[in-house]
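Visitor: got a predicted model here, sequence first, then my questions.
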Amino acid sequence: MSYLKYPVAEDRPVRIGLIGAGWIGNFHAESVAFRIPNARLEAIADPAFPAVEALAGRLGVARISADPADVINDPDIDAVLIAAPARFHSGSDRGRGAGRKACILREARRAHGGRT
Ligand SMILES: NC(=O)c1ccc[n+]([C@@H]2O[C@H](COP(=O)([O-])OP(=O)(O)OC[C@H]3O[C@@H](n4cnc5c(N)ncnc54)[C@H](O)[C@@H]3O)[C@@H](O)[C@H]2O)c1
């Protein structure tokens with residue numbers, strides 16, 4: 001039985017795009033890169049481009065951008081991990097409406113008792 005809402009191909013890793021390269025984005029990027037089997041961090045975007053360059057350089061990610069829409073619209077990205085501040089989630093989430101990929105919102109309220 002699968003708990004995944006979206007079926008994934010088993011012959012290649014799930015390609016993850018990260019939006020938000022701040023503190024929590026770095027944390028989740030390392031989880032994808034080092035601790036989640038069959039997942040690969042494929043792209044990173046954040047308006048703060050030096051943060052993108054630093055994280056991508058450390059983890060060896062080639063696709064980088066200052067525009068989160070590049071990750072959302074990238075046909076080679078299977079799922080998007082949104083680690084931007086909550087007020088930007090609705091804009092970052094628009095790819096989900098197209099039904100092309102899963103968007104994983106980091107829900108700060110549930111995980112940290114109301115802290116945002
Ligand atoms: N730091 C924590 O322990 C923690 C834990 C859980 C959840 N959160 C939540 O995660 C969110 C980010 O926290 P953080 O600590 O990483 O903050 P941060 O300030 O370190 O990083 C936020 C990043 O989001 C980027 N950003 C700003 N506007 C953006 C946009 N429109 N699209 C994409 N990225 C954008 C900023 O440039 C910055 O790099 C906050 O909502 C926070 O409450 C933080």
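Guide: Thanks, I have the structure now.

Visitor: pLDDT averaged over the helix or strand harbouring Ile64 - what is it?
Guide: Element membership of Ile64, judged by DSSP states H and E, is strand 63-65. For strand 63-65, mean pLDDT is 98.

Visitor: how many other residues sit next to whichever residue of the chain sits closest to the ligand?
Guide: Using CB to the nearest ligand atom, Gly22 is the residue of the chain that sits closest to the ligand, at 1.7 Å. Just so you know, the C-beta spots here come from the backbone N, C-alpha and C atoms, and that holds for glycine as well. Using other CB atoms under 10 Å, Gly22 is surrounded by 14 other residues.

Visitor: does Val71 count as helix, strand or coil?
Guide: Three-state assignment for Val71 (DSSP: H, G, I helix; E, B strand; the rest coil): helix.

Visitor: any idea what the closest residue to it other than its chain neighbours is bridged to?
Guide: Excluding the flanking residues, the one nearest Val71 by CB to CB, 6 or more residues apart in numbering is Gly17, at 3.8 Å. Going by DSSP bridges, Gly17 is paired in beta bridges with Ala43, Val80.

Visitor: stretch 27-40: which residues count as buried?
Guide: Neighbour-count burial for stretch 27-40 flags 28-29, 32-33, 39 (criterion: 16 or more other CB atoms under 10 Å).

Visitor: stretch 38-57 now?
Guide: Buried residues in stretch 38-57, counted by 16+ other CB under 10 Å: 39, 41-46, 51-52, 55-56.
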